[in-house]
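Enquirer: got a sequence here, can you build the structure:
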Amino acid sequence: MTGTPHAEHGPDDLCPAGTGLYEKALREGRLDAAEAEAAPCAVDLGLLRPAADDLSRLEPLPPTVALQRLLRHSGERIAAERRREEWLAETFHSLMRTGDPPAGEASAPTLCLLSGLDRINGAIARALAEGTREVLCIQPPNSYQTSEYARTAQAAAMVRDQQFLDRGGRIRVIYPHTQRHIPLVVARYERLRGDAQARTMDEVTGRMIIVDQAVAFIPGAGEGHSDIALEIRHPAVIAYLVSMFDRLWRLATPMHPQTVQPPSLGGVTARQRAIARLLVEGHTDAVIADRLGMNIRTARVHIAKLAATLGSGSRAQLGYLIARSGILDREG
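Expert: Residues are numbered from 1 along each chain as shown. Below you'll find the predicted structure:
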């Protein structure tokens with residue numbers, strides 16, 4: 001036996017005891033079926049299967065085949081969850097437009113659907129004009145565009161932000177790592193005067209703005225619908241969003257006022273570890289590029305460098321080597 005006790009875990013997880021049993025089977029070729037009783041997850045996941053010529057013995061599935069099978073199952077679960085999210089968003093989007101508030105309800109709604117960029121920006125401007133304490137913001141990769149409308153909106157936002165800082169407020173913003181060298185982002189913090197702080201992460205959520213823990217703005221529809229937003233004034237929902245932001249803030253890497261470069265582990269950069277995590281989840285190059293806010297050519301360059309560092313000769317082998325290397329286990 002492996003000597004590692006079997007712990008309770010989910011049906012799709014492989015515990016250390018199951019991993020040890022599978023490694024033993026790979027070394028020895030076969031195991032007695034009775035040995036798997038202490039770690040049934042190795043059998044349940046299909047890593048060990050009865051030998052064709054002796055049902056009392058178990059033989060291991062080749063690691064490359066096992067990895068692809070498990071990645072495929074993981075991808076199917078992720079796809080199912082995304083379909084469920086889309087269904088929920090579509091269902092509740094229509095429900096939120098249905099009917100009037102019940103009689104006697106407070107005149108100020110706790111949830112309001114805003115449609116159109118002018119209406120959204122106007123609501124944000126009013127909230128900032130009334131705010132005095134703190135603005136929390138998450139900016140996704142597509143927030144800094146190059147159109148004339150985007151430049152005008154960004155210039156107006158700079159004026160609003162400076163006025164908020166001049167009243168003694170504080171601004172904290174989380175960007176994806178790919179935004180830390182964009183000229184518009186760099187110029188923003190060179191020009192703002194006051195307590196404006198910024199940090200970065202590999203991935204961020206959709207755009208979110210919270211003013212004075214009193215009102216929040218989040219996307220009101222799926223990706224590609226930047227002209228629909230939700231204005232939230234429900235205290236419990238806002239408290240949850242603030243807590244989520246604070247947790248992300250603690251995990252993020254400082255960008256302004258002090259800049260810290262994400263560390264490299266074993267020759268693998270923080271960007272490559274983020275890509276490795278998405279590769280193991282079974283995402284395509286296009287999805288990886290979109291999630292990390294980079295173009296697909298840059299994503300493929302990073303994938304090639306990661307493969308060279310780990311000594312991989314194929315996409316299938318790369319997933320196996322990522323799992324064996326432990327680089328994702330050492331993420332900070």
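
Enquirer: can we go C-alpha only for contacts and neighbour counts from here?
Expert: Will do.

Enquirer: quick one, strands of the stretch 51-200 of the chain?
Expert: For the stretch 51-200 of the chain, the strands defined by DSSP state E, counting those that start in this stretch cover 54-60, 111-115, 134-138, 170-176, 195-201.

Enquirer: which stretches of the chain form helices?
Expert: 16-28, 41-44, 63-96, 117-130, 148-166, 183-191, 235-251, 270-280, 285-292, 296-310, 315-325 (DSSP state H).

Enquirer: and the gap between Asp285 and Gly194?
Expert: Note on Asp285: its distance to Gly194, by CA to CA, to the nearest Å, is 40 Å.

Enquirer: my bad, should have said Asp32
Expert: Remark: distance between Asp32 and Gly194 (CA to CA) = 69 Å.

Enquirer: what residues are up against Leu114?
Expert: If a contact means CA atoms under 8 Å, 6 or more residues apart in numbering, then Leu114 has 120, 220, 228-231 as its contacts.

Enquirer: name the member of those with the most neighbours.
Expert: Ala229 (24 neighbours; other CA atoms under 10 Å).

Enquirer: list the contacts of that residue.
Expert: Ala229 touches 113-115, 120, 217-221, counting by CA under 8 Å, 6+ apart.

Enquirer: farthest-separated two in those?
Expert: The distance between the two most remote of the contacts of Ala229 (CA to CA) is 13.4 Å, for Ile120 and Ala221.

Enquirer: what's the average pLDDT for stretch 74-89?
Expert: Across stretch 74-89, pLDDT averages out at 83.

Enquirer: hmm, back to that, identify the contacts common to Ile120 and Ala221.
Expert: 228-229.

Enquirer: related to what we said a few turns ago, let me have the strands of the stretch 51-200 of the chain in CSV, adding mean pLDDT and distance to Arg250 as columns.
Expert: As requested, the strands of the stretch 51-200 of the chain are arranged in CSV below (pLDDT from 0 to 100; distance: least, CA to CA, whole Å):
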stretch, mean pLDDT, distance to Arg250
strand 54-60, 82, 42
strand 111-115, 88, 28
strand 134-138, 95, 13
strand 170-176, 93, 11
strand 195-201, 90, 9
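
Enquirer: for Arg207, which of those strands is the nearest?
Expert: strand 134-138 (5.2 Å).

Enquirer: that closest one: partners in the sheet, and parallel or antiparallel?
Expert: strand 170-176 (parallel), strand 208-211 (antiparallel) (DSSP bridges).

Enquirer: can you list the helices of the chain in TSV and add distance to Arg172?
Expert: Shown next, in TSV, are the helices of the chain (distance: least, CA to CA, whole Å):
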stretch	distance to Arg172
helix 16-28	40
helix 41-44	45
helix 63-96	28
helix 117-130	14
helix 148-166	11
helix 183-191	11
helix 235-251	9
helix 270-280	22
helix 285-292	21
helix 296-310	28
helix 315-325	34
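
Enquirer: okay, which residue of the chain is out on the far edge from center?
Expert: Farthest-out residue of the chain from its mean C-alpha position, per CA atoms, centre = their mean: Asp53, at 46.7 Å.

Enquirer: check that residue and give its pLDDT.
Expert: For Asp53, the predicted pLDDT is 78.

Enquirer: now it: how far from Lys24?
Expert: Taking CA to CA as the measure, Asp53 falls 20 Å from Lys24.

Enquirer: try Gly326
Expert: Distance from Gly326 to Lys24, counting by CA to CA: 19 Å.

Enquirer: equivalent analysis for Arg167, please.
Expert: 66 Å.

Enquirer: neighbour count winner among these two?
Expert: The residue with more neighbours, out of Arg167 and Lys24, is Lys24; 16 against 13, by other CA under 10 Å.

Enquirer: rewinding a little: out of the strands paired with strand 134-138, which comes closest to Ala17?
Expert: Closest of those to Ala17 is strand 170-176, at 37.3 Å (criterion: CA to CA).

Enquirer: so where is the chain shaky, pLDDT-wise?
Expert: Within the chain, the ranges that satisfy pLDDT under 70 run 1-7, 10-11, 94, 97-109, 142-151, 222-225, 259-267, 329-332.
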